[in-house]
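Asker: Quick one: sequence plus predicted model below, questions after.
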Amino acid sequence: MDLEKEGYNVQLEKSITSATNPSVIRELLQKPSGFLFNRDGLIYRQVNTIYKENYDHLINSGLYKAIVDADLLIPYDEVEL
């Protein structure tokens, strides 16, 4: 997928922020789409039902793979808890 041809702005500044930074976690906790939590030293993100349709579209459209391949998103594994 060519992100620019699909209409996405890929002029994003690449930066890495530690997922263990409390201010980052606090900011992400405030999203209605889901929340972050720590279990056994691992950081998890729950996707709430209100965001499920959008999340499924992200995955099924190929956008997730494209932005991971472009190093604009850190890849992750889906798990059932």
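Answerer: Right, received. Where do you want to start? Treat the numbers as computed from the prediction; the structure is a model and nothing was measured. Numbers count the residues shown, from 1 in each chain.

Asker: Now do the contacts for Pro32.
Answerer: 48, 50-51 (C-beta atoms under 8 Å, 6 or more residues apart in numbering). Backbone N, C-alpha and C define where each C-beta goes, glycine included.

Asker: pLDDT below threshold where in this protein?
Answerer: Where the chain drops to pLDDT under 70, the residues are 1-30.

Asker: Start from the N-terminal end of it and give the helices.
Answerer: Taking DSSP state H as the test, the helices found in the chain are 22-29, 52-60, 63-69.

Asker: Next, format the contacts of Pro32 as TSV and append distance to Glu78 and neighbour count.
Answerer: Converted to TSV, those look like this (distance: C-beta to C-beta, whole Å; neighbours: other C-beta atoms under 10 Å):
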residue	distance to Glu78	neighbour count
Asn48	15	12
Ile50	18	10
Tyr51	14	15
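
Asker: Just the ones of those in strands?
Answerer: Among those, no member falls in strands (DSSP state E).

Asker: just those now: which is nearest Gly41?
Answerer: Asn48 (23.5 Å; C-beta to C-beta).

Asker: Make sure that closest one is actually in contact with Gly34.
Answerer: Yes. Assessed by C-beta atoms under 8 Å, Asn48 is found in contact with Gly34 at 4.9 Å.

Asker: what is in contact with those two at once?
Answerer: Shared contacts of Asn48 and Gly34, defined by C-beta under 8 Å, 6+ apart, are absent.

Asker: Since that was my last question, I'll sign off now.
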